[in-house]
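Trainee: give the three-dimensional model of this entry:
(2 chains)
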Amino acid sequence: DAGVIQSPRHEVTEMGQEVTLRCKPISGHDYLFWYRQTMMRGLELLIYFNNNVPIDDSGMPEDRFSAKMPNASFSTLKIQPSEPRDSAVYFCASRNWDAEYNEQFFGPGTRLTVL
Amino acid sequence: SQKIEQNSEALNIQEGKTATLTCNYTNYSPAYLQWYRQDPGRGPVFLLLIRENEKEKRKERLKVTFDTTLKQSLFHITASQPADSATYLCALKGAAGNKLTFGGGTRVLVKP
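Mentor: Okay, the predicted model is just below:
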């Protein structure tokens, strides 16, 4: 398996623009997590899905952020409008519900810079 | 409020020595605790899991302890090697749901 795939790997945009981050989880995994990592705040959970259904979105910073999972192999995180404080590395991770160690498999991340 | 704290200062250690990292938490009743390794420019990679009713787990040169009374986990890298240089993150899962909360991570630098 190729692992969790994220695109783009780097995104530079201007304040006010819409940004869409994409994630393809590992095939067969039924949990998908979106995280944001910054130096100041570390790795924070934004939202997670189980079987394509959003379960906990309490970490989504505000209404500018939205996430969807239209099917088991694809998820998007959208920021509209983007602001400089959204600059961070965004990770997607997936997990199998019956994994022995409940380990999450992380993608390589998308480094977002909002100017 | 819930907090997970790891030593934010980098740990510099000589090759062959044991590195010991600390993860302290407050206002949590974790079902389990995990340790991840993160290299620069990459996503975290799972290393070990220890459950609330377990005291110690080992995997090769890694050892994790879990003291729910002290609300602390210790992570040991024995016979450390320069390839062990990375940031190590602890993460807790509460009794309900599937949310993982991560500590800030501790950077380890093993010098030859």
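Trainee: find the nearest non-adjacent residue to the residue of chain A found nearest chain B, please.
Mentor: Residue nearest to chain B within chain A (CB to the nearest CB): residue A:106, separated by 3.0 Å. The way it works is simple: take the backbone N, C-alpha and C, and place the C-beta from them, glycine included. Of all residues beyond its chain neighbours, the one nearest residue A:106 is residue B:43 (3.0 Å), with distances taken as CB to CB, 6 or more residues apart in numbering or on different chains.
Trainee: interface residues of chain B facing chain A?
Mentor: Counting by CB under 8 Å from any CB of the partner chain, the residues of chain B close to chain A are B:32, B:34, B:41-46, B:48-49, B:89, B:93, B:97-105.
Trainee: count of neighbours near residue 13?
Mentor: Going with chain A. Neighbourhood size, residue A:13 [other CB atoms under 10 Å in any protein chain shown]: 17.
Trainee: correction: the question concerned chain B.
Mentor: 18.
Trainee: could I get the average pLDDT for the helix or strand harbouring it?
Mentor: Per DSSP states H and E: residue B:13 is located in strand B:11-14. Here strand B:11-14 scores 97 as its mean pLDDT.
Trainee: for chain A, what lies in contact range of chain B?
Mentor: Proximity of chain A to chain B (CB under 8 Å from any CB) is limited to residues A:4, A:31, A:33, A:42-45, A:48, A:50, A:55-56, A:91, A:93, A:95, A:101-109.
Trainee: mark which of these are buried, thanks.
Mentor: Buried by 16 or more other CB atoms under 10 Å in any protein chain shown: A:4, A:31, A:33, A:42-43, A:45, A:48, A:50, A:56, A:91, A:93, A:95, A:102-109, out of these.
Trainee: what segments of chain A are strands?
Mentor: Applying DSSP state E to chain A gives strands spanning A:5-7, A:10-13, A:19-24, A:31-38, A:42-50, A:53-56, A:65-71, A:74-79, A:88-95, A:105-106, A:110-114.
Trainee: can you redo the ones you listed as JSON lines with distance to residue B:58 and mean pLDDT?
Mentor: Shown next, in JSON lines, are the strands of chain A (distance: least, CB to CB, whole Å; pLDDT from 0 to 100):
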{"stretch": "strand A:5-7", "distance to residue B:58": "33", "mean pLDDT": "98"}
{"stretch": "strand A:10-13", "distance to residue B:58": "39", "mean pLDDT": "98"}
{"stretch": "strand A:19-24", "distance to residue B:58": "33", "mean pLDDT": "98"}
{"stretch": "strand A:31-38", "distance to residue B:58": "27", "mean pLDDT": "98"}
{"stretch": "strand A:42-50", "distance to residue B:58": "25", "mean pLDDT": "96"}
{"stretch": "strand A:53-56", "distance to residue B:58": "32", "mean pLDDT": "96"}
{"stretch": "strand A:65-71", "distance to residue B:58": "37", "mean pLDDT": "97"}
{"stretch": "strand A:74-79", "distance to residue B:58": "35", "mean pLDDT": "98"}
{"stretch": "strand A:88-95", "distance to residue B:58": "23", "mean pLDDT": "98"}
{"stretch": "strand A:105-106", "distance to residue B:58": "22", "mean pLDDT": "98"}
{"stretch": "strand A:110-114", "distance to residue B:58": "35", "mean pLDDT": "98"}
